[in-house]
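Undergrad: Coordinates for the following, if possible.
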Amino acid sequence: MASKATNITWHPSLSRAERQSLRKQRGFTIWFTGLSASGKSTIAVALEQHLLHLGYSAYLLDGDNIRFGLNKNLGFSPDDRTENIRRISEVAKLFADSTTIALTSFISPYKADRQAARDLHAAPGASSGGKNEDPIPFVEVFVDVPVEVAEQRDPKGLYKKARAGEIKEFTGVSAPYEAPDAPEVHIRNVDLSVEDAVAQIVRYLEQKKLLERPGVVAVDKKAEAQRLREAVGMVDI
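TA: Below is the predicted model:
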């Protein structure tokens, strides 16, 4: 989607490395995808709590909750689903760029939309102003259950309503789900405990050193003073 704004200027900010040094953690996005009733939100909530108890700053963006506010004007047509994921991708990137661990729990049924979210995280961050910085890590977690299993669980009764024709464009029944080909973490959630699922994700994060505490980055005082002057000069009064 092309930008409609032309009279805008990027405001300078701290680099991501400086933020990581100050907050003593790395920011990244953990993107949960899977059918409704696959268990992704349950696992995401447990992982968020686990990370918080370990002392990390983490925040869960849940698909249902987001539709009460930011995305309340969107339905479930293919175009609306794509816009839903585009918006949440931008929000997740902002969280991650601030060195918060962003967790998202969305069906996100289309491969192209998930790839767009991944590509967005590989682009320059909000703090970079277009400067070269390392990509923000993007961890796709596929919570995999057969549709028959998800339908048997059906805690919200959505599959039943979809089968009865009461819900249109329902993923797994009247709308497709395109499973990931190579997710970073593949959770086969037929008979796996929530604790084991969380442990599987944490093992991956540890293997990739995403939970390591960054060392102190020396701050160039002259550069910092210049950046402050630039920032003050760009503030709208």
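Undergrad: quick check: longest helix of this protein.
TA: helix 78-97 (DSSP state H).
Undergrad: So which elements touch it?
TA: strand 28-33, strand 58-62, helix 63-66, strand 101-105, helix 111-122 (3 or more CB pairs under 8 Å, 6 or more residues apart in numbering; DSSP states H and E). Quick note: C-beta positions are derived from backbone N, CA and C, even for glycine.
Undergrad: Okay, angle between it and helix 111-122 too, please.
TA: 20 degrees (axes from the mean of the first three to the mean of the last three CA atoms, to 10 degrees).
Undergrad: quick check: angle from helix 78-97 to strand 58-62?
TA: Using the same axes, to 10 degrees, helix 78-97 lies at 170 degrees relative to strand 58-62.
Undergrad: Buried residues in helix 78-97, which are they?
TA: Buried residues in helix 78-97, defined by neighbour count with 16 or more other CB atoms under 10 Å: 81-85, 88-89, 91-93, 95-97.
Undergrad: between these, which is closest to residue 150?
TA: Nearest to residue 150 among these is residue 81, at 17.8 Å by CB to CB.
Undergrad: and that closest one, what does it touch?
TA: 74, 109, 110, 113 (CB atoms under 8 Å, 6 or more residues apart in numbering).
Undergrad: quick one: it from residue 135, how far?
TA: 25 Å (CB to CB, to the nearest Å).
Undergrad: now do residue 120
TA: Counting by CB to CB - residue 120 and residue 135 are separated by 10 Å.
Undergrad: neighbour count winner among those two?
TA: Comparing residue 120 with residue 135 by neighbour count (other CB atoms under 10 Å), the higher total belongs to residue 120, at 17 against 14.
Undergrad: Touching, that one and residue 87? I think so.
TA: No - here residue 120 does not reach residue 87: they are 11.1 Å apart, not a contact under CB atoms under 8 Å.
Undergrad: what's the neighbour count on residue 53?
TA: 9.
Undergrad: let me fix that: residue 139
TA: If we define neighbours as other CB under 10 Å, then residue 139 has 21 of them.
Undergrad: Could you double-check that it lies in contact with residue 28?
TA: Yes - between residue 139 and residue 28 there is a contact under CB under 8 Å: 6.5 Å.
Undergrad: Could you name every residue contacting both of these two?
TA: What both residue 139 and residue 28 touch, as defined by CB under 8 Å, 6+ apart, is the set residue 210.
Undergrad: Flag the shaky bits of this structure, pLDDT-wise.
TA: 1-13, 63-64, 66-70, 124-132, 215-237 (pLDDT under 70).
Undergrad: That one: helices as residue ranges?
TA: Counting by DSSP H, the helices of the chain are 16-23, 40-53, 63-66, 78-97, 111-122, 147-153, 158-163, 194-207, 221-234.
Undergrad: Turn those into a markdown table, columns for distance to residue 173.
TA: Rendered in a markdown table, the data for these read as follows (distance: least, CB to CB, whole Å):
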| stretch | distance to residue 173 |
| --- | --- |
| helix 16-23 | 42 |
| helix 40-53 | 18 |
| helix 63-66 | 17 |
| helix 78-97 | 15 |
| helix 111-122 | 19 |
| helix 147-153 | 8 |
| helix 158-163 | 4 |
| helix 194-207 | 25 |
| helix 221-234 | 51 |
